[in-house]
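1. Next one to model:
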Amino acid sequence: MLALNKYDFVFLQETKYPISHVSSIFRSSYLSNFSGFDSDGQSDGLLVGWNSRVKIYPIHVCCNFLILLVEESDGFLWYLCLAYGDPVLSHRRQKWEWLTNWSMNTTTKFVVFGDINQ
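-> Numbers count the residues shown, from 1 in each chain. Model prediction:
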């Protein structure tokens, strides 16, 4: 599917594979750049891939968030947070407080996208 459609940008959650394995699929699908967080082998795993037409700079990578700085063709900058909410209810508050604090320390536009498990 990836190779046929030649996407500019793909975000995967719950990959359940190491980044090295999934990134090889991306490379064969015109997605030459990638960032992510390895799976523990049974769950988790975040991976984002993009091609050279898209300017993306990974800023923060952890098991719940990939924060990317996106540069538009006109030079406009904004943050994209690709989120995977913690499936453990007791851990969620701490994760969202961290993200809230992080986002409040920037004046740059900020978008959150993903499965927040709420």
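
2. mind listing what's buried in the helix ranked longest in the chain?
-> When the chain is parsed with DSSP state H, its longest helix is helix 89-104. For helix 89-104, burial by neighbour count (16 or more other CB atoms under 10 Å) applies to 92, 95-96, 99, 102. Every C-beta, even on glycine, is put in place using the N, C-alpha and C of the backbone.

3. and after the lowest-mean-pLDDT helix or strand in the chain, which helix or strand comes next?
-> Least confident helix or strand of the chain, by mean pLDDT, DSSP states H and E, is helix 2-5 with a mean of 62. Counting by DSSP states H and E, the next helix or strand C-terminal to helix 2-5 is strand 9-13.

4. Just name whatever secondary elements that following strand is in contact with.
-> Under the contact definition 3 or more CB pairs under 8 Å, 6 or more residues apart in numbering; DSSP states H and E, strand 9-13 sits against strand 46-50, strand 110-115.

5. Restricting to C-alpha, output the helix or strand just after the first one in PDB.
-> Downstream of strand 46-50, the first helix or strand assigned by DSSP H and E is strand 55-61. Output of strand 55-61 as PDB, limited to C-alpha atoms (Å, rounded to 0.1, in the frame of the first residue of the first chain):
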ATOM      1  CA  LYS A  55      10.500  19.500   5.800                       C
ATOM      2  CA  ILE A  56      10.100  17.900   9.300                       C
ATOM      3  CA  TYR A  57      12.500  18.100  12.200                       C
ATOM      4  CA  PRO A  58      11.900  15.700  15.200                       C
ATOM      5  CA  ILE A  59      12.100  17.700  18.500                       C
ATOM      6  CA  HIS A  60      11.000  15.200  21.100                       C
ATOM      7  CA  VAL A  61      10.600  11.400  20.900                       C
END
